[in-house]
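Participant: Pasting the sequence and the predicted model now:
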Amino acid sequence: RRWVQFGISGGLLSLCMQMKPLYLIYVPFAVVLAIFHESTLRRRVYAASFLIAGCVIVALPWSTYISMREGHLIPLTANDGETLAGGLNPALLKIDKRLYVSSEGRPYWDGPGKWLPMEETGYLSEQELQLPYTKKSTLLKERAYSWIKSHPKEVAYLTGRKLLYMWGL
(Lines give C-alpha, C1' and ligand atoms only; values in the text may rest on other atoms or scores of the structure.)
Protein backbone atom coordinates (compact mmCIF):
# COMPACT_ATOMS: atom_id res chain seq x y z
CA ARG A 1 0.00 0.00 0.00
CA ARG A 2 2.86 2.37 0.80
CA TRP A 3 4.34 1.94 -2.68
CA VAL A 4 0.99 2.86 -4.21
CA GLN A 5 1.09 6.10 -2.22
CA PHE A 6 4.52 6.93 -3.63
CA GLY A 7 3.28 6.13 -7.15
CA ILE A 8 0.21 8.33 -6.71
CA SER A 9 2.39 11.12 -5.33
CA GLY A 10 4.60 10.91 -8.41
CA GLY A 11 1.54 10.95 -10.66
CA LEU A 12 0.15 14.03 -8.92
CA LEU A 13 3.51 15.76 -9.22
CA SER A 14 3.50 14.93 -12.92
CA LEU A 15 0.04 16.48 -13.34
CA CYS A 16 1.28 19.63 -11.62
CA MET A 17 4.32 19.73 -13.93
CA GLN A 18 2.12 19.35 -16.99
CA MET A 19 -0.04 22.26 -15.89
CA LYS A 20 2.88 24.43 -14.85
CA PRO A 21 6.42 23.31 -15.79
CA LEU A 22 7.73 25.40 -12.91
CA TYR A 23 6.87 22.43 -10.68
CA LEU A 24 9.82 20.53 -12.18
CA ILE A 25 11.83 22.22 -9.44
CA TYR A 26 10.01 20.05 -6.88
CA VAL A 27 11.11 16.72 -8.38
CA PRO A 28 14.49 16.57 -6.60
CA PHE A 29 12.85 17.59 -3.32
CA ALA A 30 10.16 14.91 -3.71
CA VAL A 31 12.77 12.22 -4.43
CA VAL A 32 14.88 13.26 -1.44
CA LEU A 33 11.80 13.28 0.81
CA ALA A 34 10.77 9.84 -0.42
CA ILE A 35 14.27 8.50 0.21
CA PHE A 36 14.53 9.92 3.72
CA HIS A 37 11.01 8.80 4.57
CA GLU A 38 12.13 5.18 4.56
CA SER A 39 14.52 3.49 6.96
CA THR A 40 16.35 0.81 4.94
CA LEU A 41 18.29 1.19 1.71
CA ARG A 42 16.00 -1.23 -0.14
CA ARG A 43 12.87 0.63 0.93
CA ARG A 44 14.48 3.95 -0.01
CA VAL A 45 15.21 2.69 -3.50
CA TYR A 46 11.63 1.42 -3.83
CA ALA A 47 10.18 4.71 -2.58
CA ALA A 48 12.19 6.81 -5.05
CA SER A 49 11.53 4.33 -7.87
CA PHE A 50 7.76 4.27 -7.38
CA LEU A 51 7.64 8.06 -7.11
CA ILE A 52 9.57 8.46 -10.36
CA ALA A 53 7.58 5.68 -12.06
CA GLY A 54 4.28 7.36 -11.12
CA CYS A 55 5.57 10.64 -12.49
CA VAL A 56 6.74 9.09 -15.77
CA ILE A 57 3.59 7.00 -16.28
CA VAL A 58 1.35 10.06 -16.02
CA ALA A 59 3.59 12.21 -18.26
CA LEU A 60 4.22 9.54 -20.92
CA PRO A 61 0.94 9.70 -22.88
CA TRP A 62 1.13 13.48 -23.36
CA SER A 63 4.83 13.41 -24.08
CA THR A 64 4.39 10.67 -26.68
CA TYR A 65 1.51 12.44 -28.38
CA ILE A 66 3.09 15.91 -28.57
CA SER A 67 6.52 14.52 -29.54
CA MET A 68 5.04 12.53 -32.42
CA ARG A 69 2.97 15.51 -33.56
CA GLU A 70 5.93 17.93 -33.48
CA GLY A 71 8.53 15.49 -34.81
CA HIS A 72 11.01 15.83 -31.93
CA LEU A 73 11.16 14.93 -28.26
CA ILE A 74 9.05 17.14 -25.99
CA PRO A 75 9.14 15.61 -22.50
CA LEU A 76 6.61 17.91 -20.84
CA THR A 77 5.81 21.15 -22.60
CA ALA A 78 6.25 22.86 -25.94
CA ASN A 79 6.69 26.33 -24.45
CA ASP A 80 10.18 25.69 -23.13
CA GLY A 81 11.68 28.69 -24.92
CA GLU A 82 9.13 31.13 -23.54
CA THR A 83 9.33 29.67 -20.04
CA LEU A 84 13.12 29.58 -19.92
CA ALA A 85 13.53 33.07 -21.36
CA GLY A 86 10.86 34.53 -19.10
CA GLY A 87 12.61 33.44 -15.92
CA LEU A 88 16.27 33.76 -16.92
CA ASN A 89 16.99 36.96 -18.79
CA PRO A 90 19.11 40.08 -18.33
CA ALA A 91 16.04 42.32 -18.13
CA LEU A 92 15.13 40.84 -14.71
CA LEU A 93 18.48 42.00 -13.35
CA LYS A 94 17.69 45.61 -14.29
CA ILE A 95 14.35 45.67 -12.48
CA ASP A 96 14.67 46.78 -8.89
CA LYS A 97 11.54 45.25 -7.37
CA ARG A 98 8.84 47.38 -8.98
CA LEU A 99 5.67 47.59 -6.90
CA TYR A 100 2.24 47.75 -8.50
CA VAL A 101 -1.38 47.71 -7.41
CA SER A 102 -3.89 45.56 -9.32
CA SER A 103 -7.32 46.83 -10.33
CA GLU A 104 -8.70 45.00 -7.28
CA GLY A 105 -6.30 46.94 -5.02
CA ARG A 106 -3.97 43.98 -4.40
CA PRO A 107 -0.26 44.90 -4.29
CA TYR A 108 2.20 42.86 -6.34
CA TRP A 109 5.81 43.22 -7.41
CA ASP A 110 8.08 42.56 -10.34
CA GLY A 111 11.81 41.85 -10.37
CA PRO A 112 14.44 39.13 -9.89
CA GLY A 113 12.74 35.84 -9.05
CA LYS A 114 9.68 36.64 -11.12
CA TRP A 115 8.88 35.96 -14.77
CA LEU A 116 8.59 38.33 -17.75
CA PRO A 117 6.49 37.92 -20.88
CA MET A 118 8.48 37.29 -24.06
CA GLU A 119 8.13 40.88 -25.25
CA GLU A 120 9.91 42.18 -22.14
CA THR A 121 12.84 39.73 -21.98
CA GLY A 122 15.01 41.66 -24.41
CA TYR A 123 15.70 38.53 -26.43
CA LEU A 124 13.44 39.38 -29.41
CA SER A 125 13.35 42.39 -31.72
CA GLU A 126 10.11 44.07 -32.75
CA GLN A 127 10.20 42.21 -36.09
CA GLU A 128 10.81 38.86 -34.39
CA LEU A 129 7.82 39.39 -32.10
CA GLN A 130 5.64 39.18 -35.22
CA LEU A 131 6.84 35.64 -36.06
CA PRO A 132 4.69 32.54 -35.38
CA TYR A 133 4.82 31.24 -31.80
CA THR A 134 6.97 28.19 -32.55
CA LYS A 135 9.63 30.31 -34.25
CA LYS A 136 9.62 32.80 -31.38
CA SER A 137 9.92 29.97 -28.87
CA THR A 138 12.89 28.51 -30.75
CA LEU A 139 14.65 31.89 -30.85
CA LEU A 140 13.94 32.48 -27.18
CA LYS A 141 15.34 29.08 -26.23
CA GLU A 142 18.53 29.57 -28.26
CA ARG A 143 19.14 33.06 -26.90
CA ALA A 144 18.29 32.14 -23.32
CA TYR A 145 20.69 29.16 -23.41
CA SER A 146 23.38 31.39 -24.86
CA TRP A 147 22.88 33.97 -22.09
CA ILE A 148 22.75 31.23 -19.42
CA LYS A 149 26.07 29.77 -20.58
CA SER A 150 27.80 33.14 -20.66
CA HIS A 151 26.40 34.48 -17.35
CA PRO A 152 26.52 31.67 -14.74
CA LYS A 153 26.68 34.01 -11.72
CA GLU A 154 23.61 35.97 -12.83
CA VAL A 155 21.74 32.73 -13.55
CA ALA A 156 22.60 31.42 -10.08
CA TYR A 157 21.37 34.70 -8.55
CA LEU A 158 18.07 34.64 -10.48
CA THR A 159 17.55 30.95 -9.71
CA GLY A 160 18.17 31.54 -6.02
CA ARG A 161 15.71 34.44 -6.00
CA LYS A 162 13.10 32.29 -7.77
CA LEU A 163 13.53 29.48 -5.23
CA LEU A 164 13.17 31.94 -2.35
CA TYR A 165 10.07 33.44 -3.96
CA MET A 166 8.55 29.99 -4.57
CA TRP A 167 9.05 29.12 -0.91
CA GLY A 168 7.49 32.40 0.21
CA LEU A 169 10.72 34.02 1.37
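Facilitator: Yes, it's here. Note that the structure is predicted; figures quoted are calculated from it, not measured.
Participant: Please count neighbours and contacts with C-alpha atoms only from this point.
Facilitator: OK.
Participant: which residues sit in contact with residue 147?
Facilitator: Shown in contact with residue 147 (CA atoms under 8 Å, 6 or more residues apart in numbering): residue 89.
Participant: how far away is it from residue 40?
Facilitator: 43 Å (CA to CA, to the nearest Å).
Participant: Assign residue 100 to helix, strand or coil.
Facilitator: strand (DSSP: H, G, I helix; E, B strand; the rest coil).
Participant: which residues sit in contact with it?
Facilitator: 107-109.
Participant: Could I get these in TSV, plus columns for neighbour count, pLDDT and secondary structure?
Facilitator: Shown next, in TSV, are the contacts of residue 100 (neighbours: other CA atoms under 10 Å; pLDDT from 0 to 100; DSSP: H, G, I helix; E, B strand; the rest coil):
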residue	neighbour count	pLDDT	secondary structure
107	10	80	strand
108	11	77	strand
109	12	76	strand
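Participant: Now tabulate these in TSV and tack on distance to residue 68.
Facilitator: Listed next are the contacts of residue 100 as TSV, based on distance: CA to CA, whole Å:
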residue	distance to residue 68
107	43
108	40
109	40
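Participant: Alright, calling it a day.
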